[in-house]
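Trainee: below is the structure, and that's it, no one-letter string:
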C-alpha cells in the first residue's frame, strides 16, 4: 500500500510539473547562467557554460575566453550585467543561435532608464550553442560594440 501511495504522489508531481522545458528555454537559461557567473565574478561557473570545443572567429578557444574574463574581473572590482535577449533560434535539433545585448557596468543597472545614467561597456553578442548530451553549451561567440539605442 505504501508503494502505491508513493507511486501516486510521484505521478501527480510529474503531472503537475507543467510542460517540459523547450530547447529555447534551455538556451535562455545558459545565457542567464553566464550573466549570473559574470556578476559573481565566477570564472568556474562560466566555464561550465562553454563547450570544451569552443572556438570563435577570432581564434579564441575556451581557455582564452576564460582568461579574458579573468582579466576583466581583475581590472574591475564590481561587475554588473544588464542584458536583453534579442532572439533565440533553434536552427536544427541540437544547434541554436542567440543574439543578446549586454551592458557591463560597475554598479547595478535595474532597467533601460538606469542604463542611460551609468557608464557601461555595451556589446551585441551572437552566440552559437550546441546540445551536448542533454546540456546546452556555447560553442562560439562573436561580439561587437553596441549603442544605447540598440537596447531600446
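Mentor: Thanks, I have it. From a predicted model like this one, the values you see are computed outputs, not experimental measurements.

Trainee: ok, residue 101 touching residue 127?
Mentor: No. Assessed by CB atoms under 8 Å, residue 101 is found out of contact with residue 127, at 11.9 Å. Just so you know, the C-beta spots here come from the backbone N, C-alpha and C atoms, and that holds for glycine as well.

Trainee: between these two, which is the more surrounded one?
Mentor: residue 127 (23 against 19; other CB atoms under 10 Å).

Trainee: confirm that that one sits in a strand.
Mentor: Yes. Remark: residue 127 belongs to a strand, assigned using DSSP: H, G, I helix; E, B strand; the rest coil.

Trainee: let me see the contact set for it.
Mentor: 31, 97, 98, 99, 100, 138, 140, 141 (CB atoms under 8 Å, 6 or more residues apart in numbering).

Trainee: repeat the analysis, applying 7 Å as the threshold.
Mentor: Listed by CB atoms under 7 Å, 6 or more residues apart in numbering, the contact set of residue 127 reads 98, 100, 138, 141.

Trainee: now do residue 33
Mentor: Neighbouring residues of residue 33 by CB under 7 Å, 6+ apart: 45, 49.

Trainee: top helix in this protein by residue count?
Mentor: With secondary structure taken from DSSP state H, the chain has its longest helix at helix 23-39.

Trainee: now the helices: where do they sit in this protein?
Mentor: Using DSSP H, helices in the chain cover 2-15, 23-39, 43-49, 62-75, 112-115.

Trainee: what's the closest of the ones you listed to residue 133?
Mentor: Evaluated over these, closeness to residue 133 peaks at helix 23-39, with 12.9 Å, by CB to CB.

Trainee: now do the closest one, average pLDDT.
Mentor: For helix 23-39, mean pLDDT is 97.

Trainee: ok and it relative to helix 62-75, angle-wise?
Mentor: Going by axes from the mean of the first three to the mean of the last three CA atoms, to 10 degrees, helix 23-39 is angled at 40 degrees with respect to helix 62-75.

Trainee: may I see the buried residues of helix 23-39?
Mentor: By 16 or more other CB atoms under 10 Å, the buried positions in helix 23-39 come out as 23, 26, 27, 28, 30, 31, 34, 35, 37, 38.

Trainee: ok, stretch 119-138 next?
Mentor: For stretch 119-138, by 16+ other CB under 10 Å, it's 120, 122-131, 136-138.
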